[in-house]
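Colleague: Build the 3D model from these lines:
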Amino acid sequence: MIHQAIHWLFQQPRSVKRIISLLLDTLFISLAFWAAYLLRLDSVSLLGSFRHWLVLAAMVPVTLLCFVRFGLYRAVLRYLGHHATLVMMGGVAVSAVTMVLAAYYFNAFLPRSVPVIYASLALLLCGGARSMARALYNQSTKKQKTPVIIYGAGSSGRQLNTSLTHGSEYRAVAFVDDNPGLQKALLQGLTVYSPAELPWLVERYGAQKLLLAMPSISRQRRREIVDALEDLQIDMLTIPGMADIVSGKAKLNELHEVSVEDLLGRDPVEPFPDLISANIRGKVVMVTGAGGSIGSELCRQIVQQGPRTLVLFEMSEYALYQIDQELNGMCREAGYAVRIVPIMASVQRQNRLEAVMRAFGVQTVYHAAACKHVPLVEYNVVEGVRNNVFGTWRAAEAAINCGVETFVLISTDKAVRPTNVMGTSKRLAELVLQGLALRQQQTRFCMVRFGNVLGSSGSVVPLFKKQIRAGGPITLTHQEITRYFMTIPEAAQLVIQAGAMGRGGDVFVLDMGEPVRIIDLARKMVRLMGYEVKDKQNPDGDIEIRVTGLRPGEKLYEELLIGADEQPTLHPRIRAAREVHLPWPEVARLLDELEQACEHYNQPRIRELLLGAPTAFTPQDGICDLVWTEKQKPGAEPEALTAATAEKNVVQLLR
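Modeller: Presented below is the predicted three-dimensional model:
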């Protein structure tokens, strides 16, 4: 009954609530006035005194007017804090003074202790009623909120608890903290427990989520905490990092899932100022593939280093539009005086590349344009080879012809002992640049090789999240498949710094940390999102992990080095590799033959040339190109397209 009345009160318009508050305060002031006399004199004889009624009649409007002026009735009752208490104390003090003055004016009997007793009772009644109403309202709404546990009893955890109290979604039931000095303490009405007591706490309070309120800890420490808690069947959320909170990009109470980047990524090493700005500050920089995962992050990092002009070279209209809009917005907000130039074109057109480079006076090129999805390149061999090999060659030749100072190729760990066309084509691109570095000295060429980046297009992380939210199953190609991972911002920063160290033909390898088994990553993501893995040991689980078999060209393990010869550099996470290379005449002869094979769509010849190149290509599948395999079916034209056939088709088309 009381809860229903409280809810009815809180649902009324503000004007109605204010009228009710005024009436109640009038009642409380009157009760406090007569109760003060009753407690002092132990008699009700003064109730018939006209002079004392006049004193009360003077006090009530003065007190209410003070409350109005001090803003007490503008305060939202459910969010009352210390400010409202100070307002009531001030109003009651003025009321007590008014009592003394009115009693003197109307010649009413007033013992000296009565104003003190009155002030205490009035404050207790006016303030206590409001506090009780707020407590009853909060208590009634607790059942509608999701019970959660806050990990971290520091200032961030306490601020988060305050935000949750005022919110309508969660209610904290306990704090958990590693600090023994805080354990068993009572903070904001909640007990602080040890992390070892978490299973018991989850069962006792029925907590459905664990909120990590530690925005300033390192990724390594966050990873240790989450690893220790991953067997706990509870959804984990975290508050934003302190840098985002301070910069205003995020608020403390903005909860989000514990990111896989926090679990796999490392604490980034601060970039070396001289390295990261050497090829950028005050220069004209061009990024090919500027709309891709790596290309777009490169552009974000480059803009912050103060180039004179940034040329965005991208084939996809939509991707180019997106990154152009984003970078212009960044420049406006941060005040960067950078000219952003969006150019839509393909890296396979050397004349277009040269026209752009000459027009804007490009000095540094980061070549990120590539076909990188292993199965898709297996199904579209010619386009993969043309884009990755000949696109790199044309871009490099254009850079030489236009006097570009530095050309940096974004390579991949799949170029090391490749088992697929994508990796082989990227290794051939490396050989092209190494050959060009030997042929001339004007443009510095270097390559930066690294593994998977978290969150890139085609990454397993967003795919697994989508599959988990859909209820499973998670599809995995092999139980033993292992990959290196790095965050996109860290990879982009290291690429820029590695490019500044190149002398000509260098192959740089980024330190990717420890390799990760993909099945372990899948299990961790299932637990982090509050579900259980469904398997033979737990047939009643939520999400099944289903092994589908390796895709065409896919490797179980990735490597970063062809040989064992690597050298340290100025940066602790960048190594220089010594790889086999070819003189330019041999590279040119290989490229000429490969171009002829691509032009005639001669898939067997392309495979033969890739096998003969010094790339250590060891395919595990036959030719998987979809058009070629379709032509091999019974009734289809089996032979490769020859130059004569191509000429004949053109003549027929013209007719």
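Colleague: Stretch 197-215: how far from the chain's middle?
Modeller: Computed by CA atoms, centre = their mean, to the nearest Å, the chain-centroid distance of stretch 197-215 equals 23 Å.
Colleague: for stretch 269-281, same thing?
Modeller: Offset of stretch 269-281 from its chain centre (CA atoms, centre = their mean): 24 Å.
Colleague: what's the answer for stretch 535-548, then?
Modeller: That offset, for stretch 535-548, works out to 28 Å (CA atoms, centre = their mean).
Colleague: for stretch 603-614, same thing?
Modeller: Relative to its parent chain, stretch 603-614 has a centroid offset of 42 Å by CA atoms, centre = their mean.
Colleague: Helices of the stretch 501-650 of the chain, start to end?
Modeller: 518-528, 584-599, 603-612, 626-631, 643-654 (DSSP state H, counting those that start in this stretch).
Colleague: Redo these as CSV? Include distance to Phe70.
Modeller: Placement of C-beta: from N, CA and C, glycine included. As requested, the helices of the stretch 501-650 of the chain are exported to CSV (distance: least, CB to CB, whole Å):
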stretch, distance to Phe70
helix 518-528, 49
helix 584-599, 82
helix 603-612, 82
helix 626-631, 77
helix 643-654, 88
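Colleague: and Gly391, which of the ones you listed is closest to it?
Modeller: helix 584-599 (12.1 Å; CB to CB).
Colleague: what bits of this protein have low per-residue confidence?
Modeller: Scanning the chain with the threshold set as pLDDT under 70 gives 1-14, 44, 73-83, 135-144, 168, 240-268, 454-459, 553-565, 635-655.
Colleague: who touches stretch 589-599?
Modeller: By CB atoms under 8 Å, 6 or more residues apart in numbering, the surrounding residues in contact with stretch 589-599 are 382, 385-386, 389-390, 393, 428, 432, 582, 602, 605-606, 609-610, 613.
Colleague: Next: stretch 118-130.
Modeller: 24-25, 28-29, 31-33, 35-36, 63, 77, 80, 84-85, 88-89, 92-93, 95-96, 99.
Colleague: sorry, back to before: do you know which of the helices of the stretch 501-650 of the chain lies nearest Arg546?
Modeller: So among those, helix 518-528 is nearest, using CB to CB, at 10.2 Å.
Colleague: so what does the closest one touch, helix or strand wise?
Modeller: Under the contact criterion of 3 or more CB pairs under 8 Å, 6 or more residues apart in numbering; DSSP states H and E, helix 518-528 touches helix 260-264, helix 460-469, strand 474-476, strand 533-534, strand 543-547.
Colleague: how many degrees apart are it and helix 460-469 in direction?
Modeller: Using axes from the mean of the first three to the mean of the last three CA atoms, to 10 degrees, the inter-axis angle of helix 518-528 relative to helix 460-469 is 50 degrees.
Colleague: now helix 518-528 and strand 543-547, what's the angle there?
Modeller: Counting by the same axes, to 10 degrees, helix 518-528 lies at 170 degrees to strand 543-547.
Colleague: wait, is Ser163 part of a helix?
Modeller: Yes: Ser163 forms part of a helix when assessed by DSSP: H, G, I helix; E, B strand; the rest coil.
Colleague: sorry, back to before: from the contacts of stretch 589-599, pick the one nearest Gly181.
Modeller: Distance to Gly181 across the contacts of stretch 589-599 (CB to CB) is lowest for Leu428, with 60.8 Å.
Colleague: Which secondary structure element is home to that closest one?
Modeller: helix 421-439 (DSSP states H and E).
Colleague: how far off helix 584-599 does that helix point, in degrees?
Modeller: Using the same axes, to 10 degrees: helix 421-439 against helix 584-599 is 140 degrees.
Colleague: can you give me the angle helix 421-439 makes with helix 603-612?
Modeller: 60 degrees.
Colleague: buried ones in helix 421-439?
Modeller: 421-438 (16 or more other CB atoms under 10 Å).
Colleague: what do you get for stretch 46-62?
Modeller: His52, Trp53, Leu54, Val55, Leu56, Ala58, Met59, Val60, Val62.
Colleague: all strands for the stretch 1-150 of the chain, in order.
Modeller: Secondary structure of the stretch 1-150 of the chain (DSSP state E, counting those that start in this stretch): strands located at 146-151.
Colleague: quick revisit: in helices, which of the contacts of stretch 118-130 appear?
Modeller: 24-25, 28-29, 31-33, 35-36, 63, 84-85, 88-89, 92-93, 95-96, 99 (DSSP state H).
Colleague: Report the buried members of those residues.
Modeller: With burial judged by 16+ other CB under 10 Å, the buried subset of these is 25, 28-29, 32-33, 36, 63, 84, 88, 92-93, 95-96, 99.
Colleague: Please convert those to TSV, extending it with distance to Glu354.
Modeller: Below are these laid out as TSV (distance: CB to CB, whole Å):
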residue	distance to Glu354
Asp25	82
Phe28	86
Ile29	87
Ala32	90
Phe33	93
Ala36	95
Thr63	85
Ala84	72
Met88	78
Val92	83
Ala93	83
Ser95	86
Ala96	88
Met99	92
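Colleague: wait, which of the residues you listed is closest to Ser277?
Modeller: Using CB to CB, Ala84 is the member of these that lies nearest Ser277, at 53.2 Å.
Colleague: And the closest one, how close does it get to Gln442?
Modeller: To Gln442, Ala84 is 74 Å away according to CB to CB, to the nearest Å.
Colleague: For the one helix or strand Pro375 maps to, which helices and strands make contact with it?
Modeller: Pro375 belongs to helix 374-379 when assigned by DSSP H and E. Here helix 374-379 touches helix 381-385, helix 421-439, going by 3+ CB pairs under 8 Å, 6+ apart.
Colleague: Put the alpha carbons of the helix holding Leu428 into PDB.
Modeller: Provided in PDB are the C-alpha atoms of helix 421-439 (Å, rounded to 0.1, in the frame of the first residue of the first chain):
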ATOM      1  CA  VAL A 421      47.700 -17.400 -53.500                       C
ATOM      2  CA  MET A 422      47.200 -14.400 -51.300                       C
ATOM      3  CA  GLY A 423      50.300 -15.000 -49.200                       C
ATOM      4  CA  THR A 424      52.300 -15.900 -52.400                       C
ATOM      5  CA  SER A 425      51.200 -12.700 -54.100                       C
ATOM      6  CA  LYS A 426      52.200 -10.600 -51.100                       C
ATOM      7  CA  ARG A 427      55.700 -12.300 -51.100                       C
ATOM      8  CA  LEU A 428      56.000 -11.600 -54.800                       C
ATOM      9  CA  ALA A 429      55.100  -7.900 -54.000                       C
ATOM     10  CA  GLU A 430      58.000  -7.900 -51.500                       C
ATOM     11  CA  LEU A 431      60.400  -9.300 -54.100                       C
ATOM     12  CA  VAL A 432      59.300  -6.600 -56.600                       C
ATOM     13  CA  LEU A 433      60.200  -3.900 -54.100                       C
ATOM     14  CA  GLN A 434      63.400  -5.500 -53.200                       C
ATOM     15  CA  GLY A 435      64.300  -5.700 -56.800                       C
ATOM     16  CA  LEU A 436      63.400  -2.100 -57.400                       C
ATOM     17  CA  ALA A 437      65.500  -1.100 -54.400                       C
ATOM     18  CA  LEU A 438      68.500  -2.700 -56.100                       C
ATOM     19  CA  ARG A 439      67.700  -1.100 -59.400                       C
END
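Colleague: Give me the next element, helix or strand, following it.
Modeller: strand 444-450.
Colleague: what's the angle between that following strand and helix 421-439?
Modeller: Counting by the same axes, to 10 degrees, strand 444-450 lies at 150 degrees to helix 421-439.
Colleague: Adjacent strands (with direction) for strand 444-450?
Modeller: strand 406-412 (parallel), strand 506-510 (parallel) (DSSP bridges).
Colleague: Name the residues that touch it?
Modeller: 396, 405-413, 415-416, 429-430, 433-434, 436-437, 484, 486, 491, 494-495, 498-499, 501-510, 512, 560, 577.
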